[in-house]
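[1] Dropping a prediction and its sequence here:
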Amino acid sequence: MHWILGIALAAAVFVILKQWGRLSAEKKKAATWKLVLIVGGVFLLVMVLTGRVHVLTASVAALIPLLRKLPELARFFPALNRLFTGKDSVGPNADHAGAGQTPGNGMTEREACEILGVTMACSKEDVVLAHRRLIQKLHPDRGGSDYLAAKINEAKSVLLRTRE
């Protein structure tokens, strides 16, 4: 009996993939959303029928503290955008290097100030305090990422270099 179900499933996947290849980009997007909603609905139905809804409830409860950290991490989204696109998408001259920066030579003083949350006229002590505050929150040993810690350290280096 299992081999019959396996053959039927393989045939269904073949037909679906063949139909998928014929769709335009817009229809693929719409079909993807429909598929996500259908799979999500079936998953939820199975969880309810098997009495495992408590797993979903616990998952949502576990995500709530992470959602509270999103405003803090939102400041780093421009940095993440540059990571994935390779461009600074801020300002009218997004394709050109910022002031004080040559292409491929790291971050500008303005970017470093944005990352650490200090002003351009800040003192060396302000930079050190802002760095310490951020690195304590976002250090990889405390649940942060290596990328964010590296950006914070780079921002500190850039600002301390200009304040010597």
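    Thanks, I have it. Only a predicted model underlies this, so the values are computations on that prediction, with no experimental measurement involved. Residues are numbered from 1 along each chain as shown.
[2] the longest helix in the protein is where?
    Using DSSP state H, we find that the single longest helix of the chain is helix 25-49.
[3] how far out from the middle of the chain is that one?
    Relative to its chain's centre, helix 25-49 lies at 23 Å (CA atoms, centre = their mean, to the nearest Å).
[4] Which elements pack onto the helix or strand residue 158 falls within?
    Using DSSP states H and E, residue 158 falls within helix 146-162. The contact analysis (3 or more CB pairs under 8 Å, 6 or more residues apart in numbering; DSSP states H and E) places helix 146-162 against helix 109-116, helix 124-138. C-betas here are computed from N, CA, C, even on glycine.
[5] deepest of those, which one?
    Highest mean neighbour count of the helices and strands packed on helix 146-162: helix 109-116, a mean of 21 (counted as mean count of other CB atoms under 10 Å).
[6] now the angle between helix 124-138 and it, please.
    Counting by axes from the mean of the first three to the mean of the last three CA atoms, to 10 degrees, helix 109-116 points 50 degrees away from the direction of helix 124-138.
[7] least trustworthy helix or strand in this structure by mean pLDDT?
    Every helix and strand of the chain was ranked by mean pLDDT, DSSP states H and E. The lowest is helix 77-85, at a mean of 63.
[8] Not counting the longest helix of the chain itself, show me its contacts.
    Identification of contacts with helix 25-49 by CB atoms under 8 Å, 6 or more residues apart in numbering yields 20, 23, 53, 55-56.
[9] just for the chain, where's the confidence low?
    For the chain, the stretches with pLDDT under 70 are 74-75, 79-105, 164.
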